[in-house]
Every structure is written in C-alpha cells, then in structure tokens.
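Q: coords below, sequence missing:
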C-alpha cells in the first residue's frame, strides 16, 4: 500500500497522526520480517499472527537436457568410423560440440555414466525433460 493511500484513509486525522501510523506500520513490518528471517525457511511466520505455516509448494522448473531419441543408437569413436556400442532411448548425454561430415551433423558427446568423447548422429539426439 502506498503512503498516499494511507493518508487518504486517515484524512480526518492530523498529518502527524498519519505519519505516526505509517511509521508504526513500517516498524511492525520490520519486526515481522525479522521474525520471518530467523525462522526455518520451511515454516515461515505469518506477519499477522506470528504462527508458522507450510512453505509454498509451487512447481519447480523442469530441467531439460540432451538425450538419445531412439533405441539401439550406435555411438562411434569417430563419426562413421569404428562403432563402439549402442545406447537406448532416454540415455542422457553432455554435448561437447559437433560438426558436419558429408552433409550429416554429428554430436561429440559424453554419455552419462558411460563412454566419453564419442560421436552420435544428430537425428538420434533430442531434448528431454
């Protein structure tokens, strides 16, 4: 609430009374804020009653990452040279970069919990949540 709104509410009172009321409200707000910062972050105190309530349970932001799109996707030591093995749909990976070879884009990746510095065709990689 703006101070101009407070002064409109207390128009019959003298200006000194309005300022005193506003200062009292600010002081009370400061005390409530200090109490909230000293309590646990999972149970903040309400400003009006001082009782503890549960923290808001809003939806957390979804984390996106690169993952393998198809089952039985081969990964390679070099693009299109010497296949090392296969991974399956949902396997997470860290993208290290990529390059075009003969018109096809290849990702250089680290597989989560597996091989490092291997190559996978772009058509087999997507973004997952």
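A: Here it is on my side, so go on. Values in this document were obtained by computation on a predicted structure and should not be read as measured data.
Q: Phi first, then psi, for residue 122.
A: Dihedral pair for residue 122: phi -60, psi -40, per degrees, to the nearest 10.
Q: how near is the nearest residue to it once chain neighbours are set aside to residue 113?
A: Closest residue in space to residue 122, ignoring its immediate chain neighbours: residue 105 at 4.1 Å, by C-beta to C-beta, 6 or more residues apart in numbering. (Each C-beta comes from the backbone N, C-alpha and C, glycine too.) As defined by C-beta to C-beta, to the nearest Å, residue 105 lies at a distance of 25 Å from residue 113.
Q: the more surrounded of those two?
A: residue 105 (13 against 7; other C-beta atoms under 10 Å).
Q: List the contacts of that one.
A: 98, 99, 121, 122 (C-beta atoms under 8 Å, 6 or more residues apart in numbering).
Q: now for these, which pair is the farthest apart?
A: Distances among those were taken as C-beta to C-beta; the most separated pair is 99 and 121, at 12.0 Å.
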